Each structure stands twice: as structure tokens, then as C-alpha cells.
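Chemist: I need the structure of the sequence given here:
(one chain, ligands or ions: 1)
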Amino acid sequence: MSISIFARSGAVNRLALVSRLGLRAYSSNQISLKDRFAELLPQKIDEVKRLRKEKGSTVIGEVVLDQAYGGMRGIKGLVWEGSVLDAEEGIRFRGKTIPEIQKELPKAPGGTEPLPEGLFWLLLTGEVPSEQQVRALSAEFAAHSKLPKYVEDVLDNSPATLHPMAQFSMAVTALEAESTFAKAYERGVNKKEFWLYAYDDSINLLAKLPTIAARIYRNSFKDGVVASINPEADYASNLATQLGFGADAEFLELMRLYLTIHADHEGGNVSAHTTKLVGSALSSPMLSLAAGLNGLAGPLHGRANQEVLEWILELKANLGSDVSEEAIEKYLWETLNAGRVVPGYGHAVLRKTDPRYTAQREFGLSHMPDYDLFKIVSTIYKVAPRVLTQHGKTKNPWPNVDSHSGVLLQYYGLKEQSFYTVLFGVSRAFGVLPQLIIDRALGAPIERPKSFSTEKYAELVGFKL
Ligand code: CMX
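Modeler: Sure thing, here's the model as predicted:
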């Protein structure tokens, strides 16, 4: 017996039904994600309630003036359940490192890389799903992949010159008309039930992102024809097929890895925090995710994957056949002396090589060790940390996630780098939507940190301007 996630008329009563039926009746292998989350929720609500009651007034950190002017680095003020980033070690998803999730999360039949559907389950519940549960999620995403005609029209009417991220954000915004959350709010549902609709919207959104991404890609760079979804296939493989690369088994594996490792990176990064912030005003998951995608489109954030590729192609064009360490070092200095950043290097929190970079490098080492662009990326990795350290500005001279991704896509023929941030965005949705559901389930309030003018800060610290 299973409770259909998309039985919308029954959504309101699902919690009551779940508790009436007694979830123990389901085998843990069969229970759906929504029902499992519903089962875990009372304990989570209780834990947060007890924590706040007992320790709510405990000091958890101090803030100095420079942090207010310095992009709020290190200020503790956000709750994010799915992942925590350690400056030295990198990301852990619900306590698990990237190599651990590569090992533990279910794979496609015959595949070696984890499926992003499994990460979604892990981020929402803290539990590793069974293969059966992941297959059910894949089928559910495939079943809801079709775009409404008006969203197709929004994309088909966009000029091919409009940046793919702007098209992506418009299409996600337009999906607002599908939001069960917005409709439920209008009907005046009890706020305890908000998460049920946030969940349905999240599944519906994730289901449609590959078709949106593929339509943008095929319209802007190819013949405008988007292949159909295979209802039996996993999410990443459907995305690859719709983009036009479904026949390449290695590319499918890359997409599985790519969508998994780009999903979540704590709550303070621009795309995650923006999604959470906008959601806190009870804007729908559609509008919240679109806002996050607009942040991801910035060159210091997700668009760095496009910038990296452009910079590497520029480097190659300038250096010709001499891509020695010496020539690359000189080129790095030219970039820095021109007042530009070296894209793909540095990070607001990390202080070591990003394990997401390492995972992609390992993929490259096993699938394309002799590819010229892969070799250039490897040489940059040898030289850039030293140059950036000598330059003396960045706090982190090591590569981040965006440093590698573009070259892997180039190898398989996905050459249009202005599209790359869209792929990052599809993945990022898997990381930010679980927290949006959790926030609504825990009744997270509207966000409203304090701001001051410079005059007021000066007064606060006893300084005469
Ligand atoms: N090249 C040159 N200079 C760099 C640099 C880089 N890769 N990274 C940082 N710096 C400079 C900063 O611009 C800053 O200079 P100013 O003092 O003149 O303003 C100085 O070093 C200190 O910066 P920081 O504290 O080390 O880094 P921030 O936390 O301010 O910024 C980031 C972090 C990622 C925006 C920055 O390292 C950067 O611009 N990197 C290149 C762009 C990039 O790869 N972004 C992708 C990040 C991952 C993602 O979100 O997808």
C-alpha cells in the first residue's frame, strides 16, 4: 500500500492518514519520502523545541564590525540541516563526506556514481534510501516532467541571445501558476500543513527542471527539439537524453556525479541563502528557487563555471602550444595584474582544495587523462595556488568546484559554456528545496537581521567619523 504524493485533494489529510494507518505497517523499503519525512517530523519539532527552551539564550558567537562590512563571513545566524562545511575538510552531507556518499548512495544499474535522487532523500531525512525508494523517486520525477504549454512558450519566445540563466529563472518563476503552496495559502490552510504543499511543489519543480534546462539548451544552441523522458530511467540520465547526450554512458555517469556534488554547500552561500530567505516570506518554492537561481547566475558564484571555461579557452588561444608551467604562471600573473580574479580559485569558507574539485579530477583521471584541456586544468592546479599565495590577497589559493566542471563537459561535446550554470542550478535545487520543506515544517519565521548605517555603527563602537 502506498500513499500517492500527488493525490493533491488528499494532501491535507495525509498526515492524519499516515498516523491513523500507522507507518509501521509499511516496510521501511517501501515507504515514500513524504511519508518518511512525516514520520520523522514530530521528533524533529520536539528536539528543536527542547533545544530552544533549554539553551535559547546561550551565546553562540560574537560579531565584530568588520564582519558587517565583510559580507557577514562567519556570523552564525542560519539553520541548515542538510550539510555543514568545514574550512579544511570541505562539505559533509548529513555527516557524510563526498567519497562516503559516492560509496553509500544508490547507483543506476551498472553505474558507479551516486544518483541525485538519493542525495535528495538523504538531505531531507538524514537517512540513506534503499534502491527501491530511489527508483520510486526517479519514476515520480519522470512522471511529472511535462511542462505546461505556457512555460514552453516563455522559453520558445526568448531570444537565443538571452543568457540561459535568465531563461531558466523566468521559466521557474512562470511555474508559479502550478504552485499548490500558493493556492493552499490563498485557501487559508493551517500553517502546520504548509510543508505538505512545499513538498509537492518541490517534487513538481525538480521533475520539470531537466525539461526546462534541455529546452533552453536545444532552443539556444541546437534545433529546438527536446527528446522525451524515459519513465524508467533515472533523473540524470533523462537530463542527458533531453540535452542530446543520452547515448554516451560516460556522460550519464558524469551527470549523476555532477548533479550530486553541486547540490548543497551549507546555507550561507548566495543561492541557498536567497532561496531560504525568500521562502521565509512564504513565497512559493517556485518563486524562492527562482530567486536563488538569480543569485547563482552571478560570476562570483555559480557562473564561475562559465568564466573558468572562457578563461581557459582564452589561455589556450594566447599560449598556443606552450602550455608549460612557466607559460601558465605568466598568464596567471597577467590575469591578476589586470585586476581580474582567477575564476575557479578561492572560496568564502574553504581553505583547502574543494573535495568537489577532487571528485571531478578523479573522474577526469579515469575517463580522459590525455585530453588537452584536462591536462591544462591539472597544470593550473600545480601552479595557481603558489601564484595566488604570492599575490597575497585571497585567503584561499585552492581550486573550488567550478574550476573543473566545464572541461569535463567540453570533453563530452557539451561545448556551450554559457549553459553551464543552468546545470549547476538544476543540481542546486536538490540541495535548497529540502531545507525549504524543513523550514515550512518547523514553522521558520520570516528572516529579518538587523542593519545599521555607517554613522550608527560608528556610534555603536564609539568612533567619531
Ligand atoms: N583571484 C584573484 N583574487 C582573488 C581570488 C581569486 N581567485 N579570490 C579572492 N581574491 C581576492 C578578492 O577579490 C579579495 O580582493 P579585495 O580585497 O581586493 O576585494 C581578496 O582576495 C580577499 O578575498 P577572500 O576573502 O579570499 O575571498 P571572498 O570570500 O571575498 O570571495 C570568492 C570568495 C569565491 C568570491 C573569491 O575567491 C573569488 O572571487 N573567486 C573567483 C570566482 C569563483 O571561482 N567563484 C566561485 C566560488 C564557488 C561557487 O560559489 O560556485
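
Chemist: C-terminal to the longest helix along the chain, what's the next element?
Modeler: When every helix of the chain is counted residue by residue (DSSP state H), the longest turns out to be helix 194-221. Downstream of helix 194-221, the first helix or strand assigned by DSSP states H and E is helix 235-243.

Chemist: quick one, phi/psi of the residue in the chain that the ligand sits nearest to?
Modeler: Among the residues of the chain, Gly346 lies closest to the ligand, at 2.2 Å counting by C-beta to the nearest ligand atom. Using the backbone N, CA and C atoms, a C-beta is placed for each residue, glycine as well. The phi/psi pair for Gly346 (degrees, to the nearest 10) reads phi 90, psi 160.

Chemist: what's the answer for the one 4 residues further on, then?
Modeler: The main-chain torsion angles of Leu350 are listed as degrees, to the nearest 10 and equal phi -60, psi 150.

Chemist: so who does it touch?
Modeler: Leu85, Ala87, Gly90, Asn396, Trp398, Asn400 (C-beta atoms under 8 Å, 6 or more residues apart in numbering).

Chemist: Could you work out the most separated pair of those?
Modeler: Farthest apart among the contacts of Leu350 by C-beta to C-beta are Leu85 and Trp398. That separation is 13.8 Å.

Chemist: Which of the contacts of Leu350 are buried, as a PyMOL select command?
Modeler: The buried residues among these can be selected in PyMOL (16 or more other C-beta atoms under 10 Å) with this line:
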select buried, resi 85+90+396+398+400
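
Chemist: can you list the contacts of Leu350 in TSV and add distance to the ligand and secondary structure?
Modeler: Supplementary listing: those in TSV, determined by distance: C-beta to the nearest ligand atom, whole Å; DSSP: H, G, I helix; E, B strand; the rest coil:
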residue	distance to the ligand	secondary structure
Leu85	11	strand
Ala87	11	coil
Gly90	12	strand
Asn396	6	coil
Trp398	10	coil
Asn400	4	coil
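
Chemist: so which of the contacts of Leu350 comes closest to Ser280?
Modeler: Leu85 (21.2 Å).

Chemist: Name the SS class of Leu282, please.
Modeler: coil (DSSP: H, G, I helix; E, B strand; the rest coil).

Chemist: Would you list the phi and psi of it?
Modeler: phi 70, psi 20.

Chemist: confidence score at it?
Modeler: In this model, Leu282 is scored at 98, pLDDT.

Chemist: Isn't it up against Ala184?
Modeler: No: checked against C-beta atoms under 8 Å, the pair Leu282 and Ala184 is beyond contact range at 10.6 Å.

Chemist: which residues are in contact with both of the two?
Modeler: In contact with both Leu282 and Ala184: Phe194, using C-beta under 8 Å, 6+ apart.

Chemist: Identify each buried residue in stretch 29-43, please.
Modeler: So for stretch 29-43, counting by 16+ other C-beta under 10 Å, buried means Ile31, Ser32, Leu33, Lys34, Asp35, Arg36, Phe37, Ala38, Glu39, Leu41.

Chemist: which one is the third one nearest to, not counting chain neighbours?
Modeler: With sequence-adjacent residues excluded and distances taken as C-beta to C-beta, 6 or more residues apart in numbering, Leu33 is closest to Trp121, at 5.6 Å.

Chemist: Which residues are in contact with the one you found?
Modeler: Leu33, Glu127, Val128, Pro129, Gln133, Val134, Leu137.

Chemist: got the residues of the chain near the ligand?
Modeler: 269, 300-302, 304, 336, 341-348, 393-396, 400-402 (C-beta under 6 Å from any ligand atom).

Chemist: which residues sit against whatever helix or strand Ala290 lives in?
Modeler: Ala290 belongs to helix 285-296 when assigned by DSSP H and E. Around helix 285-296, the neighbours that count as contacts under C-beta under 8 Å, 6+ apart are 165, 168-170, 172-173, 175-176, 178-179, 181-182, 198, 201-202, 205, 270-279, 283, 301-303, 421, 424-425, 428-429, 432-433, 436.

Chemist: OK, contacts around the nearest residue to Leu282 once chain neighbours are set aside?
Modeler: Spatial nearest neighbour of Leu282, excluding adjacent residues (C-beta to C-beta, 6+ apart): Tyr185 at 6.4 Å. Applying C-beta under 8 Å, 6+ apart to Tyr185 gives the contacts Phe194, Tyr197, Leu282.

Chemist: my read: Pro449 touches Leu78, true?
Modeler: No: taking contacts as C-beta under 8 Å, Pro449 lies outside contact range of Leu78: 9.8 Å.

Chemist: Name the residue in these two with the higher neighbour count.
Modeler: Leu78 (16 against 9; other C-beta atoms under 10 Å).

Chemist: which residues touch that one?
Modeler: So Leu78 contacts Gly267, Gly268, His273, Lys276 (C-beta under 8 Å, 6+ apart).

Chemist: What is the most widely separated pair among those?
Modeler: Across those (C-beta to C-beta), the longest gap, 9.6 Å, separates Gly268 and Lys276.

Chemist: So which of the contacts of Leu78 is surrounded by the most neighbours?
Modeler: Ranking those using other C-beta under 10 Å puts Lys276 first, with 24 neighbours.

Chemist: Helix, strand, or coil at it?
Modeler: helix.

Chemist: still on that earlier bit, just the local confidence number for the residue nearest to Leu282, please.
Modeler: For Tyr185, pLDDT reads 98.

Chemist: now swap in Gln30 and tell me
Modeler: On the pLDDT scale, Gln30 gets 77.

Chemist: separation between the residue nearest to Leu282 and Lys34?
Modeler: 19 Å (C-beta to C-beta, to the nearest Å).

Chemist: List the contacts of the nearest residue in space to Phe141 that is not next to it in sequence.
Modeler: Leaving aside its sequence neighbours, Phe141 sits nearest to Ala207 (C-beta to C-beta, 6+ apart; 4.3 Å). Contacts for Ala207 (C-beta under 8 Å, 6+ apart) come out as Glu140, Phe141, Ala142, Ala143, His144, Ser145.

Chemist: Also Thr379?
Modeler: Contacts of Thr379 (C-beta under 8 Å, 6+ apart): Val323, Ser324, Glu325, Ile328.

Chemist: Between which two of these is the distance greatest?
Modeler: Across the contacts of Thr379 (C-beta to C-beta), the longest gap, 8.8 Å, separates Val323 and Glu325.

Chemist: Tell me which of these two has more neighbours.
Modeler: Neighbour totals were compared for Val323 and Glu325, and Val323 leads with 17 against 12 (other C-beta under 10 Å).

Chemist: Tell me who's in contact with the more buried one.
Modeler: Applying C-beta under 8 Å, 6+ apart, the residues near Val323 are Leu315, Lys316, Asp372, Lys375, Ile376, Thr379.

Chemist: which of the residues you listed are buried?
Modeler: Leu315, Ile376, Thr379.

Chemist: Need the three-state assignment for the spatially closest residue to Val63 that is not a sequence neighbour.
Modeler: Leaving aside its sequence neighbours, Val63 sits nearest to Ile75 (C-beta to C-beta, 6+ apart; 5.6 Å). Assigned by three-state DSSP, the conformation of Ile75 is coil.

Chemist: Is Ile75 in contact with Glu62, as I believe?
Modeler: No: contact criterion C-beta under 8 Å: Ile75 and Glu62 do not qualify, at 9.5 Å.
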